[in-house]
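[1] sequence first, then the predicted structure:
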Amino acid sequence: MPIKSPKKTSSSKKRAIDAWERSWQKHWSTAGLPGYELPPLPDDDEREFLESARSLKNEKARLKRINDEFANAFKALLPVGPAVTVFGSARFRPSHEYYKLARAVGAELARAGFATLTGGGPGIMEAANRGAHETGGASYGLNIILPHEQGANPHVDKSIEFRYFFTRKVCLVKYSCAFIVMPGGLGTLDEMFEAATLIQCRKIGPFPLILMGERFWDGLRTWGQYMMEQGVFAKEELGFGRVTDSPKEAVDLIVRSLPDSVRSQLKPL
């Protein structure tokens, strides 16, 4: 097999980097200045260039917003009994197989006596809330306002609005005794890995983390196997994870994982 010359390899790499930069700039050209803050500088012109600058006043105002967001959410979610959070993409339509699967998941959770928590938006979140609501179970949406694709869905008993992703994620984790991860994109992966890290490090749980959709998650399983072979985690550290296509199997696994004190609070329909 011929070996590529270093010059050709370097040239190909440069073209790939240039193509990436053009794509990046084209996609984000309308986004404006990045919202990064720097400490105040004596140069007024420089400060005007920045979108905003750090100051003690701004930081105190931010802390108050964060605290108020947590306080409002804690108050709203205080009466929630045993609950399961369903993560997944906002982009699947009602006709999609994954929407239908998530709707079945919500129904199974309701039949078992769980409250269903989601991010409160459309797609998978709407489907899981819809399945729970239609079956007569408790259905909550922890909604975050985004420039696109996110608005509270109509299948929740209560919608709690968030400004910050991290405060919403804390609440989705805090009030759950298990997690079901449907197919999704970057946000779903972020939520899944956050929950998995907290379980692995024994900051929460042990709680089951169940991935729905074997075909969708096949690549992740292959990657996970490779990571294990590289020694970054051991197989037993991820024993809380499970992949399945069956909503009933997923919910049965969750019920069996609960301690008696939590299982006794379930009121199956």
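    Here it is on my side, so go on.

[2] before we move on, which element is residue 24 in?
    Assigned by DSSP states H and E, residue 24 belongs to helix 6-28.

[3] distance from that helix to the middle of the chain?
    How far helix 6-28 lies from its chain's middle: 31 Å, per C-alpha atoms, centre = their mean, to the nearest Å.

[4] number the residues from 52 up from this point.
    Okay, residue one is now 52; in that scheme the one you just asked about reads as helix 57-79.

[5] ranges for the strands of the stretch 152-301 of the chain?
    If DSSP state E, counting those that start in this stretch is used as the criterion, the strands of the stretch 152-301 of the chain fall at 166-169, 190-195, 209-213, 230-232, 260-263, 292-295.

[6] could you export these as JSON lines, including mean neighbour count?
    Heads up, the C-betas are built off the backbone N, CA and C, glycines and all. Putting the strands of the stretch 152-301 of the chain into JSON lines (neighbours: other C-beta atoms under 10 Å) gives the following:
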{"stretch": "strand 166-169", "mean neighbour count": "30"}
{"stretch": "strand 190-195", "mean neighbour count": "24"}
{"stretch": "strand 209-213", "mean neighbour count": "18"}
{"stretch": "strand 230-232", "mean neighbour count": "29"}
{"stretch": "strand 260-263", "mean neighbour count": "24"}
{"stretch": "strand 292-295", "mean neighbour count": "17"}
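
[7] before we move on, the earlier item: mean confidence score for the helix holding residue 75?
    In this model, helix 57-79 has an average pLDDT of 79.

[8] quick check: buried residues in it?
    Buried positions in helix 57-79, judged by neighbour count with 16 or more other C-beta atoms under 10 Å: none.

[9] who touches it?
    By C-beta atoms under 8 Å, 6 or more residues apart in numbering, no surrounding residue is in contact with helix 57-79.

[10] do stretch 259-271 as well
    Outside stretch 259-271, the residues touching it (C-beta under 8 Å, 6+ apart) are 149, 152-153, 156, 229-234, 243, 246-247, 250, 291-296, 298, 301, 304-305, 308.

[11] okay, that stretch in PDB with CA atoms only?
    Below are the C-alpha coordinates for stretch 259-271, written out as PDB (Å, rounded to 0.1, in the frame of the first residue of the first chain):
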ATOM      1  CA  PRO A 259     -31.300   2.700  36.400                       C
ATOM      2  CA  LEU A 260     -30.600   4.600  33.200                       C
ATOM      3  CA  ILE A 261     -32.500   3.000  30.300                       C
ATOM      4  CA  LEU A 262     -31.900   3.800  26.700                       C
ATOM      5  CA  MET A 263     -34.900   3.200  24.400                       C
ATOM      6  CA  GLY A 264     -34.300   2.300  20.800                       C
ATOM      7  CA  GLU A 265     -31.700  -0.400  20.200                       C
ATOM      8  CA  ARG A 266     -31.000   0.600  16.600                       C
ATOM      9  CA  PHE A 267     -30.500   4.200  17.400                       C
ATOM     10  CA  TRP A 268     -28.100   3.600  20.300                       C
ATOM     11  CA  ASP A 269     -26.100   0.800  18.500                       C
ATOM     12  CA  GLY A 270     -23.200   3.200  17.700                       C
ATOM     13  CA  LEU A 271     -23.000   4.400  21.200                       C
END
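
[12] just for the stretch 202-320 of the chain, where's the confidence low?
    Residues of the stretch 202-320 of the chain meeting the criterion pLDDT under 70: 202.

[13] go with 90
    Applying pLDDT under 90 to the stretch 202-320 of the chain flags residues 202-203, 256-257, 286, 288-289.

[14] hey, where'd the helices end up in it?
    Taking DSSP state H, counting those that start in this stretch as the criterion, the stretch 202-320 of the chain carries its helices at 216-225, 237-251, 269-280, 298-308, 311-314.

[15] with mean neighbour count and distance to residue 179 added, can I get the ones you listed in JSON lines?
    Shown next, in JSON lines, are those (neighbours: other C-beta atoms under 10 Å; distance: least, C-beta to C-beta, whole Å):
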{"stretch": "helix 216-225", "mean neighbour count": "19", "distance to residue 179": "12"}
{"stretch": "helix 237-251", "mean neighbour count": "17", "distance to residue 179": "12"}
{"stretch": "helix 269-280", "mean neighbour count": "12", "distance to residue 179": "20"}
{"stretch": "helix 298-308", "mean neighbour count": "18", "distance to residue 179": "10"}
{"stretch": "helix 311-314", "mean neighbour count": "10", "distance to residue 179": "20"}
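
[16] appreciated, that's everything.
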